[in-house]
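Asker: Return atomic coordinates for the entry below.
(3 chains)
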Amino acid sequence: MATYDAERVGSAPWLLTGPALLVFVTLLAAPLVLTAMLSLNLFSDTEGVIPVYTLANYLEVFGDDYFHEIFLRTGGMALAVTFFSVLIGVPETLIIARMRSPWRSLFLLVVLGPLLISVVVRTLGWAILLGNNGLINQALQALGITEFPIRMMFTQFGVVLALTHVLVPFMVIAVWASLQKLDLQVEQAGLSLGASRMTTFRRVVLPQIMPGILSGSIIVFALAASAFATPAIIGGRRLKVVATAAYDEFLGSLNWPLGAAIAVLLLIANLVIVVGCSRLAERRFKQVFE
Amino acid sequence: MAFLTLDGIVKTYGDFTAIAGLDLAVEKGEFLSLLGPSGCGKTTTLQSIAGFVQPTAGRIVLDGRDITHVRPEKRGLGIVFQSYALFPHMTVAENVSFGLEMRGVPRSERGQRVQSALDMVRLHGLGERYPKALSGGQRQRVAIARALAIRPDLLLLDEPMSNLDAKLREDMHIELRAIQRDLGITTILVTHDQVEAMTMSDRIAVMHGGRIVQIGSPFDTYERPQSPFASSFLGKTNAFAGAVHTRKPRCYEVKVDNLMFHVPHEGHQFDGDVNVYLRPEKIHLADVATARLRGKVRMRVFLGNLWLIGVESSLGPVNLTQPNFGAPPPMEGEEVGLTWSDDDLRLLEREVANGHV
Amino acid sequence: MYRNGFFSLAFHTLFIAFIVAPLVVVMAVSFTGEGYISLPTDGLSLRWFHTLWENQEMADAFWLSLKLGLVSATFATLLAVPAALAISRYNFPGRGAITGFLLSPLMIPSVVLGIAFLRFFSLAQVGGSLWALSITHVIVVLPYALRLTLASTIGLERDAEQAALSLGAGRLKVFWRVILPRIRTGVIGGWLLAFIQSFDELTMTVFVATPGTTTLPVAMYNQISQTIDPLITAVSTVLIVGTLALMLLLDRLVGLDRVLIGEKQ
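Answerer: Coordinates of the predicted model:
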């Protein structure tokens, strides 16, 4: 990277980053700090937010089975989404990578393009497909496979399915990036040394795309754990996750301090998982890859 | 029968012909180079032998066994790739051990064979390093050790030196040649570097347009090119356009402008327009009065062991080289005479020279 | 690499079906002539597109989202370009931290951002205006503009600039005539991506949107929460087609894989 010598830099970088930093400090850092402070306040139905500082909201979240269930459910569904994204995203990426042009770039676009289409639209599609009168059930009944509709809306299965659809492109992106770094000749080298295709994949290719799979998993997990629209639409009011629970506290029961505490916990859990896993993965792979 | 036989190999991709009917026989223990510019089909040929490319037509026989349709992992060949293709997630020892493991060599024996393979390429003690921590030359040695550890019948080298710097490359040429002689392993090298091919090979197959245009020992190939392509690809040469004047029992008399060249017979029939070829190192400076050709020195370049001298003669520009004897050659602008031995003249037809081989 | 076998292609077909199914279904349903969700049976009907055309609420939401996208993408780009230049060409203390800070909205759950902005606006008592909404969007989409701009400024050799300086061009001239033309595709790509992200943003906006500032995704979300009718599928179809058009534009300009996958650094 072309950089100027440190001595000659002067104030230029500060002038250039200054405006963005100013906006971020006043309008991102400050609101986050205010939210953290809010989470320490108390709430009463009659007086609203009471400006005292206590850990009561956190103790409530940690002590209440209702919140335990929400956090566990969120974590469990995020894990399931991550698992399925690996299960289908990794092979699909490898298949696309083996294609010739123009199929290769075409299918890459088909798989990644939905990322740019609104999550609301993509989730709506699943709602239409999964409902009791939805297209999947209509088809199953018409084919005589089932007499009564199978409930898929408002179930964890439905949320996991739709979230996997929403997030699997991130897995493809991560694995694709690691495939770009792969020297294609290593596959031939493996074969020439007598390894079968399967062994070559398992021993030679897979270990080298492992960092990509891991970073894809971290992204998918983090986004699944903090997803809002898909669980809200497919999961409904009963099947709450952390993000929808915080939303309800804020805009439903108007208990802002409690909602803020949930949000802070979500943020911390997210950062711990993302930063922690990335560090672990880095340490594991540092000696081998650049 | 030869150890490795390629019989009428053709490979086409749609309209494009990569190999246009190639026959080749390699003897056991021989070091053969496929030499040619990029796109001549040399890499596709190597890939066909390795099994990564399925020929459109033809047969490949190794040690009496038809391997044309054998899968690459069953061929048992050692390959050194251009990029080395080391496994970055395995240590040097694990890389070398991989092929042995695939062959079910017991663990105890593996360690020993890995050691001896690493010793052979002088990488003793680097077994626990990852490829990332090695220099380019060391990576190359690991790739060679990995390919040789499985004791292959045939060693394939795909432009193995192209990522090394010039000095290292020269050392590797000599070292690799010594290892190959020691093991007596049949080896095929693909390269576009004529020096590399000449230093290492028993025979050179010059490839052009998907065919072998000439095959022979490095000396013969250099001294007796059979096509204008071979003569210009292998080393530099001076070409003079002329016409056959008379055919004598032992030589052709070829007229170039008003100068008569006496080119020795080599069994070919020539008539009409021809080119006379003369290598720069075969031309000598001579006394202006008695020389065969006269001209003015246009430029002189000092190359260390050689002087490269460009002369503007009545036949056009002529290049010659002269060993550095210690005394500087004539100055630019000086009048010089040129002479040569008739035995060093070569003759090829002009149509061939301008058209395709 | 060897080629895909039968099973690979069968898997691939299923995967692609999985990816496009919900989008295809939404579009198919929007052409129904019925008053409820169903596939069009006798011919394609434009009934719901007519209804949509006359729906003032969705139209208002659409225009608001459009304005919001244009404003926030433009401001985000104006802030991101100088920052990217500083980050990619100066070695100064805190460079890594500043980069991380400016990219951090990508790592913070949108729900958290929404709550933080809502709290901030309620304390500052400025909620509910287009400008307040725009500022939140500038922060959320700036990382996208920054990443794409960085991809084009990193690796930009300085010799062309030095040549311009040696030929007597001033610093500002050098920026306009030498630097900007070379990073133009990254900047435009970043702007487009920022626009799309702003236009689609739901989770954060749901907290700060008021009845007077309902964006299109929020309006759609509110509608879907109550009932799913063909009108909403008609809106979705318009959005899908519009996004496809922008995608093609992005692909032409910078290459979609570059936008989505990012440059190797």
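Asker: Quick check, A:Pro207 in contact with B:His89.
Answerer: Yes: taking contact to mean C-beta atoms under 8 Å, the distance of 4.3 Å between A:Pro207 and B:His89 places them in contact. Just so you know, the C-beta spots here come from the backbone N, C-alpha and C atoms, and that holds for glycine as well.
Asker: The residue of chain C at minimum distance from chain A: neighbour count?
Answerer: Taking C-beta to the nearest C-beta as the measure, chain C has C:Pro22 as its residue closest to chain A, at 2.4 Å. Using other C-beta atoms under 10 Å in any protein chain shown, C:Pro22 has 25 neighbouring residues.
Asker: Give me the more crowded residue out of A:Pro207 and B:His89.
Answerer: With neighbours defined as other C-beta under 10 Å, A:Pro207 and B:His89 compare such that B:His89 has more, 22 against 15.
Asker: From what I see, that one and A:Gln208 are in contact.
Answerer: Yes: the criterion here is C-beta under 8 Å, and B:His89 meets it with A:Gln208 at 5.8 Å.
Asker: Find the nearest non-adjacent residue to B:Val276, please.
Answerer: B:Phe240 (4.5 Å; C-beta to C-beta, 6 or more residues apart in numbering or on different chains).
Asker: ok, now C:His12?
Answerer: Excluding the flanking residues, the one nearest C:His12 by C-beta to C-beta, 6+ apart is A:Ile95, at 4.9 Å.
Asker: Show the residue spans covered by the strands in the stretch 51-200 of chain B.
Answerer: B:57-62, B:65-66, B:78-80, B:154-158, B:186-191 (DSSP state E, counting those that start in this stretch).
Asker: pLDDT weak spots in the chain?
Answerer: If you meant another chain, say so; for now it's chain A. Screening chain A residue by residue with the criterion pLDDT under 70, one finds the ranges A:1-9, A:287-290.
Asker: actually it's chain B I care about, not the one you picked
Answerer: B:351-357.
Asker: Ok, the stretch 51-200 of chain C next?
Answerer: C:127.
Asker: hang on, the earlier thing: doesn't the residue of chain C closest to chain A belong to a strand?
Answerer: No: the assignment for C:Pro22, made by DSSP: H, G, I helix; E, B strand; the rest coil, is helix rather than a strand.
Asker: Looks like C:Ile232 contacts C:Gln226 (just checking).
Answerer: No: under the criterion of C-beta under 8 Å, C:Ile232 lies out of contact with C:Gln226, with a separation of 10.0 Å.
Asker: if you count what's nearby, which of these two comes out ahead?
Answerer: The neighbour comparison of C:Ile232 against C:Gln226 (other C-beta under 10 Å) goes to C:Ile232, with 27 against 7.
Asker: Go ahead and confirm the residue nearest to B:Val276 touches B:Asp273.
Answerer: No: the criterion here is C-beta under 8 Å, and B:Phe240 misses it with B:Asp273 at 11.7 Å.
Asker: Give me the more crowded residue out of these two.
Answerer: With other C-beta under 10 Å as the criterion, B:Phe240 and B:Asp273 differ in neighbour count, and B:Phe240 comes out ahead with 20 against 15.
Asker: Remind me which helix or strand that one belongs to.
Answerer: Assigned by DSSP states H and E, B:Phe240 falls within strand B:238-247.
Asker: Who are the contact partners of B:Ser38?
Answerer: When the contact criterion is C-beta atoms under 8 Å, 6 or more residues apart in numbering or on different chains, the partners of B:Ser38 are B:His192.
Asker: Need the residues that contact stretch B:51-58.
Answerer: Applying C-beta under 8 Å, 6+ apart, the external contacts of stretch B:51-58 come out as A:188, A:191, B:6-12, B:19, B:21-22, B:44, B:47-48, B:67-72, B:75, B:77.
Asker: pretty sure C:Pro109 is touching A:Ile268, no?
Answerer: No: using C-beta under 8 Å, C:Pro109 is not in contact with A:Ile268, being 10.7 Å away.
Asker: So which of those two has more stuff around it?
Answerer: When neighbours are counted by other C-beta under 10 Å, C:Pro109 and A:Ile268 differ, and C:Pro109 comes out ahead with 25 against 12.
Asker: which residue packs closest to that one, ignoring adjacent ones?
Answerer: Nearest non-adjacent residue to C:Pro109, counting by C-beta to C-beta, 6+ apart: A:Ser226, 3.2 Å away.
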